[in-house]
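S.K.: Sequence below, structure please.
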Amino acid sequence: MLDSLALLLEKAFLLAHFDIFSALPCGEEKEGKSENEAEAEVEVARQTEKRFRQQRRLQRGDLLEVPRTLFIHFGIYLGDGKVAHLIPDILPALTSDQRRIRRAVSNKRLLLGVIYKCATIRVDSLEDFAYGSPVLLNTMDCALRRRPLTSEEVALRAEKLIGRIPYSLLWNNCEHFVTYCRYGTGVSLQTDRFCECLKTIIRDQRTVLVATVLGVCFMLFLGLSLSTALPTLFILFILWMAG
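M.R.: Alright, predicted model coming up:
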């Protein structure tokens with residue numbers, strides 16, 4: 001009886017011993033998976049904390065700007081992680097489906113909006129507005145040397161303008177929108193710099209020489225006629241008088 005009981009206990013011990021070691025690789029795998037999940041959770045928490053600190057630093061009515069490849073994009077912070085900004089978009093002219101319109105504006109939609117001169121003042125999250133770029137805060141205060149309106153008035157102005165709006169690259173862009181909201185007058189330093197650069201090119205008499213060469217090539221290619229000579233002479237005259 002005792003021998004049978006001892007043998008039974010020994011088998012039970014071996015069985016338990018085997019189960020522990022056979023489950024060990026799965027346990028290690030689960031442990032490894034848990035470590036990866038823990039690292040992912042830590043990263044998410046870190047990003048969330050970073051966004052929270054940034055949003056806590058921002059105040060309703062702040063003027064935000066983010067660098068893009070060829071330009072700087074501007075917006076007005078409305079609070080709770082939301083930003084109002086003017087962005088060219090062709091989609092509102094083609095459809096009334098708000099679910100499609102509310103999606104992030106792609107480069108294709110933006111470019112077609114610039115060409116069609118159609119834009120929208122819309123509200124997006126701070127992350128969508130930044131699009132991975134660093135956010136600069138109220139730098140226009142020093143650049144324009146103007147006293148901003150009260151924060152609530154700035155935000156209310158931005159909220160009243162939300163919706164579809166005509167777009168002009170030189171006269172009604174995102175910078176005009178934010179400066180109107182924050183200072184009461186729409187101006188664009190980027191447009192001013194572009195116009196100054198354009199005036200410099202026009203004033204350079206070498207531009208007339210280049211235009212002359214291109215005009216001659218144009219007439220030789222299409223043939224000398226009134227329809228080819230007149231535009232060439234008109235452009236050369238304008239460049240000469242503006243120089």
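S.K.: Need the residues that contact the one helix or strand A155 maps to.
M.R.: Per DSSP states H and E, A155 falls inside helix 151-160. For helix 151-160, contacts defined as CB atoms under 8 Å, 6 or more residues apart in numbering pick out 59-63, 76-79, 84, 121, 148-149, 177-178, 180-182. C-beta coordinates here come from the backbone N, C-alpha and C atoms, glycine included.
S.K.: do that again at 7 Å, thanks
M.R.: 59-61, 76, 78, 84, 148, 181-182 (CB atoms under 7 Å, 6 or more residues apart in numbering).
S.K.: now swap in stretch 175-185 and tell me
M.R.: Identification of contacts with stretch 175-185 by CB under 7 Å, 6+ apart yields 63, 74-76, 86, 121, 140, 144, 146, 148-149, 154, 157-158, 186-190.
S.K.: just to revisit the earlier point, for the contacts of helix 151-160, which one is nearest L226?
M.R.: Among these, C181 lies closest to L226 (CB to CB), at 50.7 Å.
S.K.: tally of neighbours for that closest one?
M.R.: 28 (other CB atoms under 10 Å).
S.K.: With just CA atoms, put the helix or strand that it is a member of into PDB.
M.R.: Taking DSSP H and E as the definition, C181 sits inside helix 174-183. Extracted in PDB, the C-alpha atoms of helix 174-183 (Å, rounded to 0.1, in the frame of the first residue of the first chain):
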ATOM      1  CA  CYS A 174      -3.400  80.800 -44.300                       C
ATOM      2  CA  GLU A 175      -1.200  83.600 -43.100                       C
ATOM      3  CA  HIS A 176      -3.700  86.300 -44.000                       C
ATOM      4  CA  PHE A 177      -6.300  84.300 -42.000                       C
ATOM      5  CA  VAL A 178      -4.300  84.000 -38.800                       C
ATOM      6  CA  THR A 179      -3.000  87.600 -38.900                       C
ATOM      7  CA  TYR A 180      -6.600  88.900 -39.400                       C
ATOM      8  CA  CYS A 181      -7.800  86.800 -36.400                       C
ATOM      9  CA  ARG A 182      -4.900  87.800 -34.100                       C
ATOM     10  CA  TYR A 183      -4.100  91.400 -35.100                       C
END
